[in-house]
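J.: When you get a sec, could you give me coordinates for this:
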Amino acid sequence: MSRIDPLPGQHTHDRPPPGPHREERRRSTTRRTAPTVRTAADAAAGLLVLWIALHLLGANEANVFVEFVHGAAELPARWSQDVFTMGTENLRVLLDHGLPALMCLAVGHGIAARLDHA
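T.: Take a look at the predicted model:
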């Protein structure tokens, strides 16, 4: 290995690592981020699907767990509320929360795939 002398006033530990190592570290960090993005998308979609199932099965909305799931599902579904006006409540809940669940999966897994190949 060749030794590179630091610039005047610069210590060797102040210099960033050479280019190839920095690029390798950036790729490694990006690849570690992909599973986190994928997991967040899966969790959001899972909450939305769980709320749809609880609603369609007639769960007691006064129950603490059901209230929690409903509240958590409202955040990722906020943008899609009342996009479709349906005659039945069950169909409205299915569409208002099903569409965001599909979007969470598509966008989250798409971003994760891009990060995997970055």
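J.: Okay, now the unreliable bits of the chain?
T.: Where the chain drops to pLDDT under 70, the residues are 1-23, 25-26.
J.: where along it do the strands fall?
T.: With DSSP state E as the criterion, the chain has no strands.
J.: Could I get the full set of helices for it?
T.: Remark: helices assigned in the chain by DSSP state H are 19-56, 64-77, 89-116.
J.: Could you save the ones you listed as TSV and add columns showing mean neighbour count and distance to Val83?
T.: In this view, the C-beta of every residue, glycine as well, is placed from N, C-alpha and C. Formatted as TSV, the helices of the chain follow (neighbours: other Cβ atoms under 10 Å; distance: least, Cβ to Cβ, whole Å):
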stretch	mean neighbour count	distance to Val83
helix 19-56	15	14
helix 64-77	16	10
helix 89-116	17	7
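J.: Convert stretch 101-118 to CSV, retaining C-alpha atoms only.
T.: Written as CSV, here are the backbone C-alpha positions of stretch 101-118 (Å, rounded to 0.1, in the frame of the first residue of the first chain):
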residue,chain,number,x,y,z
ALA,A,101,-53.1,-1.1,1.6
LEU,A,102,-52.3,-1.9,-2.0
MET,A,103,-50.5,1.4,-2.5
CYS,A,104,-48.4,0.8,0.7
LEU,A,105,-47.3,-2.5,-0.6
ALA,A,106,-46.6,-1.3,-4.2
VAL,A,107,-44.8,1.9,-3.2
GLY,A,108,-42.9,0.4,-0.2
HIS,A,109,-41.7,-2.7,-2.0
GLY,A,110,-40.9,-0.6,-5.1
ILE,A,111,-38.7,1.7,-3.1
ALA,A,112,-37.1,-1.3,-1.3
ALA,A,113,-36.4,-3.0,-4.6
ARG,A,114,-34.7,0.2,-5.9
LEU,A,115,-32.6,0.4,-2.7
ASP,A,116,-31.6,-3.3,-3.1
HIS,A,117,-30.2,-2.6,-6.5
ALA,A,118,-28.6,0.7,-5.8
